[in-house]
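K.L.:
Predicted structure and sequence below. I'll ask about it afterward.
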2 protein chains.
Amino acid sequence: MKQTIGISELLEGKKLHELKELAAGLNPTDIAEEFENLTEQERAAVFRSLPKDVAADVFSYMSPETQENLISFLTDPELSHIVNDLFLDDAVDFIEEMPANVVKRVLKNASEDTRKQINQLLQYREDSAGSIMTTEYVDLKEDMTVESAFSRIRAVGMDKETIYTCYVVDGRRVLDGVITVRTLLLAKPGDRIGDVMNRNPIYAVTDDDREAVAELFQKYDLIALPVVDTERHLVGIITVDDVMEVLEEENTEDFYKMAAMVPTDEAYLASGVFELAKKRIFWLMVLMISAFFTGSIITRYEEMLALFPALFAAVPMLMDTGGNAGSQSSTIIIRSLALDELRISDAPRILWKEVRIGAIVGTALCATNVAFKWASGVDIRVSAAIGASLFATVVLAKITGSMLPLLAKALKLDPALMAAPIITTLVDAGGLVLYFRVAKLMMGIR
Amino acid sequence: MKQTIGISELLEGKKLHELKELAAGLNPTDIAEEFENLTEQERAAVFRSLPKDVAADVFSYMSPETQENLISFLTDPELSHIVNDLFLDDAVDFIEEMPANVVKRVLKNASEDTRKQINQLLQYREDSAGSIMTTEYVDLKEDMTVESAFSRIRAVGMDKETIYTCYVVDGRRVLDGVITVRTLLLAKPGDRIGDVMNRNPIYAVTDDDREAVAELFQKYDLIALPVVDTERHLVGIITVDDVMEVLEEENTEDFYKMAAMVPTDEAYLASGVFELAKKRIFWLMVLMISAFFTGSIITRYEEMLALFPALFAAVPMLMDTGGNAGSQSSTIIIRSLALDELRISDAPRILWKEVRIGAIVGTALCATNVAFKWASGVDIRVSAAIGASLFATVVLAKITGSMLPLLAKALKLDPALMAAPIITTLVDAGGLVLYFRVAKLMMGIR
């Protein structure tokens, strides 16, 4: 499935001419990947040997580190060529990753028009539709014919990210409709665009959340989406490849949050140790301090524990099982909320479902546990206390795990925060109180 | 952003004619969504009033429950129309969700050609490229001209899932190349397809993993991908909308696995209680039994605990912090592996990074902890034992959490299994042994 390349080998033989031929038949992504393995000196040489029309494309697929390193070896005119040739959204992505002095040099070398457009795109809120759009699309007018539309696509379309959906605007750039090349191909050359276009296109507003944009793509199976400002002026389009990236980033964010970390979109190996530690320490600290309270519960039962030390042995099992049972539920609910499969109004149905699941799972675990304890000759009262608390802890865990993400959602907080770590801490405290109370009863301690 | 609909309102007024007009201006996805809220009787009535060319499209967007319910009200000829009109991959998705008797009726009503193709698609391994492809694409021959290619696209393309990439095959259907409509538009009408097509297309083989296919789409920013058999015969194509679904499903699978559940692609509310319990019980049981061993460690230190019950109060905090610290690391590594950002050979770098992060985080937590304990007047030896073990547990957790997913990957197991639940159980045991040993030393117990 992967094409084989030998850039390094050709370089060693100084065969730059062959390199040029080789590059012409390769995918820009694959060429960019090869750059990661070249030395700093080689990079500039190979980059200069790339065909002009491929160079910017290859550049857009490199890692930020390689991009920064490479342009430090390039002349101003060379840099200027890249910046003006990049798709605008790729240029913005690249600039956002560069340190201030590099950004300055890049913008200085951009054409005035490019610089203006880049500056405009840089202003949109991170995570908004505006931040992932590009301003390069094919625009048509209602009174064009299909034939003239095709001429326009041929004339301007080759530099646009997609030509397969074209956008019809009026004199004030208000979005009137969209038309696909599929429709254009089926129409007669003389048909008026206004008569064959779709007048009710799906669209996003610049300030919409990029997650909502991704949902539109999934729901309507789109490959591109127009973005308008609050007065319905067309300001850009979003293409499906950028949406796939958004999806992966949003999923990564959820994974991080659910493991009690501050999300980041920096690659692991590229991040510094202190930076990584900083992302992890806040929640660990909060959770540790919460666990002090669980500890203080135990302190209240110290006398009983001193009398029946066998009660200690079940604590890890109770805590772990409670935490695991709770995080199963919270994970399902958080994920279903993220996929828009559940609403807050489903809470009663979910609660009833989880209680029953908890009862089934709790019974099975309790039976296994009692059997084990019985086989190892544990005091029957201890064993009964453990079994009963285990059952109750599992049910409690299922309720807590399923309801807290819904509560968070209702309070407009991110449900992903109500994941394993917090659920575990809460269920631990509840489960241990249950356990010690039951044990006290069983042991006949007042 | 969403279009407003009033299907139910129109139905109440029996205005089926207006309904027809309304439906013509709506997106099939939105019409399908409305069906979920209709009564069983209404569904058949509204469905019959839909324009013929929209009906199958709307059908493909309904939930399996609604699909099954609706077709039980339809006649055989009506069903036949839908099945033959569906895109083949949608037909396969639908059939896979139906009970056996419904499948029989559906296939009986499919045209012979459709039935043959459906049966062929049903044979591919779940999670393979073959299982998500469709057999509807535009094929061209090398010696066609650009002009005749456009004629062919106009003639056959309207029923195909995508026309924007066309596939060039020889007489034995071997894939020779691909050509996009963009290239066709730029070429001269008389150009030979063989001279302007891309002869090195990215492609997948039917048995490739669908996750690998999704990676190809992301890497090369594709909107469609040809699928060939082992002899390079073109057998189908995969489109980007199906790949987005794969991405979300694969992510959901990872979330489930990482929370110790057997993954499922059924929606939560549509799943039965026993079914859900079954997906959760296996890992809970395994983890509970593992926790018995942690418990048995405690048993060995019962005497010491009876003498110094204050030692016990720190157990929940140590266990929770260890578990959280470990699952942070395992989550980062599992996610980075899934996104192909890490390799097994990075293990030494990762280990060194995690040890340093563990030392930083551990120091901060340890300091906070000792300060708290000191403020609450805890025995200095107990406090020192807790602080030292906390530090060691965090470092141990970071090492375990980061290395086990890599080990799983090296053993060709799914790294996602090495997530919070297992890490917590392992770190718990290790952390407690450390804690009790240190405490024993501090307390001067032999």
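P.N.:
Done, it's in.
K.L.:
number of nearby residues for A:His188?
P.N.:
Quick fix: residue A:188 is Lys, not His. Residues lying near A:Lys188 (other Cβ atoms under 10 Å in any protein chain shown) number 9. Quick note: C-beta positions are derived from backbone N, CA and C, even for glycine.
K.L.:
A:Asn69 too?
P.N.:
Neighbour tally, A:Asn69, other Cβ under 10 Å: 15.
K.L.:
In a helix, it, correct?
P.N.:
Yes - according to DSSP: H, G, I helix; E, B strand; the rest coil, A:Asn69 belongs to a helix.
K.L.:
Can you check the pLDDT for the residue lying closest to it once chain neighbours are set aside?
P.N.:
Closest residue to A:Asn69 apart from its sequence neighbours, by Cβ to Cβ, 6 or more residues apart in numbering or on different chains: A:Glu40 at 5.9 Å. A:Glu40 is assigned 82 on the pLDDT scale.
K.L.:
wait, isn't A:Glu40 in contact with A:Phe73?
P.N.:
Yes - assessed by Cβ atoms under 8 Å, A:Glu40 is found in contact with A:Phe73 at 7.0 Å.
K.L.:
and these two? which has more neighbours close in?
P.N.:
Per other Cβ under 10 Å, whichever of A:Glu40 and A:Phe73 has more neighbours is A:Phe73, with 14 against 11.
K.L.:
The residue nearest to that one when sequence neighbours are not counted and A:Thr66, how far apart?
P.N.:
Using Cβ to Cβ, 6+ apart and skipping the chain neighbours, the partner closest in space to A:Phe73 is A:Ala44 (3.9 Å). Separation of A:Ala44 from A:Thr66 (Cβ to Cβ, to the nearest Å) stands at 11 Å.
K.L.:
Any part of stretch A:81-92 near chain B?
P.N.:
No - against chain B, stretch A:81-92 shows no contacts by Cβ under 8 Å from any Cβ of the partner chain, the least distance being 10.5 Å.
K.L.:
Convert that stretch to PDB, retaining C-alpha atoms only.
P.N.:
Extracted C-alpha coordinates of stretch A:81-92, given in PDB (Å, rounded to 0.1, in the frame of the first residue of the first chain):
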ATOM      1  CA  HIS A  81       7.100  31.600  -2.900                       C
ATOM      2  CA  ILE A  82       6.000  29.000  -0.300                       C
ATOM      3  CA  VAL A  83       3.800  31.300   1.700                       C
ATOM      4  CA  ASN A  84       1.900  32.600  -1.300                       C
ATOM      5  CA  ASP A  85       1.500  29.100  -2.700                       C
ATOM      6  CA  LEU A  86       0.200  27.400   0.400                       C
ATOM      7  CA  PHE A  87      -3.500  26.900   0.900                       C
ATOM      8  CA  LEU A  88      -4.500  29.600   3.300                       C
ATOM      9  CA  ASP A  89      -5.700  27.300   6.000                       C
ATOM     10  CA  ASP A  90      -2.400  25.400   5.900                       C
ATOM     11  CA  ALA A  91      -0.500  28.700   6.000                       C
ATOM     12  CA  VAL A  92      -2.500  29.700   9.100                       C
END
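K.L.:
Distance from the chain centre to it, please.
P.N.:
The chain centroid and the centroid of stretch A:81-92 are separated by 24 Å, computed with Cα atoms, centre = their mean, to the nearest Å.
K.L.:
Let me see the mean pLDDT of it.
P.N.:
86.
K.L.:
same deal with stretch A:172-179?
P.N.:
What stretch A:172-179 shows for mean pLDDT is 93.
K.L.:
isn't A:Ile223 right up against B:Ile223?
P.N.:
Yes - contact criterion Cβ under 8 Å: A:Ile223 and B:Ile223 qualify, at 5.5 Å.
K.L.:
Kindly point out which residues are neighbours of both of these two.
P.N.:
A:Val240, B:Val240 (Cβ atoms under 8 Å, 6 or more residues apart in numbering or on different chains).
K.L.:
Going toward the C-terminus from the helix ranked longest in chain A, what's the next helix or strand?
P.N.:
Identified as the longest helix of chain A according to DSSP state H is helix A:380-410. Tracing the chain past helix A:380-410, the next element assigned as helix or strand by DSSP states H and E is helix A:420-443.
K.L.:
Pull out the buried positions in that next one.
P.N.:
Neighbour-count burial for helix A:420-443 flags A:420-436, A:438-440, A:442 (criterion: 16 or more other Cβ atoms under 10 Å in any protein chain shown).
K.L.:
Go back to the residues you listed and keep what's next to chain B.
P.N.:
Answer for the buried residues of helix A:420-443 near chain B (Cβ under 8 Å from any Cβ): A:Ala420, A:Pro421, A:Thr424, A:Thr425, A:Asp428, A:Ala429, A:Leu432.
K.L.:
Tell me the secondary structure at A:Pro226.
P.N.:
What three-state DSSP gives for A:Pro226 is strand.
K.L.:
Quick check: closest non-adjacent residue to it.
P.N.:
Nearest to A:Pro226 is A:Tyr203, by Cβ to Cβ, 6+ apart, at 4.7 Å.
K.L.:
same question, A:Val382
P.N.:
A:Ala310 (5.2 Å).
K.L.:
Same check on A:Thr368?
P.N.:
Per Cβ to Cβ, 6+ apart, closest to A:Thr368 is B:Met285, 6.5 Å.
K.L.:
Tell me how many other residues surround the residue nearest to A:Val382.
P.N.:
By other Cβ under 10 Å, neighbour count at A:Ala310 equals 20.
K.L.:
my guess is it meets B:Ile298, correct?
P.N.:
No - under the criterion of Cβ under 8 Å, A:Ala310 is not in contact with B:Ile298, lying 9.6 Å apart.
K.L.:
ok, now how distant is A:Asn37 from chain B?
P.N.:
To chain B, A:Asn37 is 13 Å away according to Cβ to the nearest Cβ, to the nearest Å.
K.L.:
Doesn't that residue lie inside a strand?
P.N.:
No - counting by three-state DSSP, A:Asn37 is not found in a strand; it is coil.
K.L.:
Which phi and psi values does it adopt?
P.N.:
phi -100, psi 0 (degrees, to the nearest 10).
K.L.:
Done for today, thanks.
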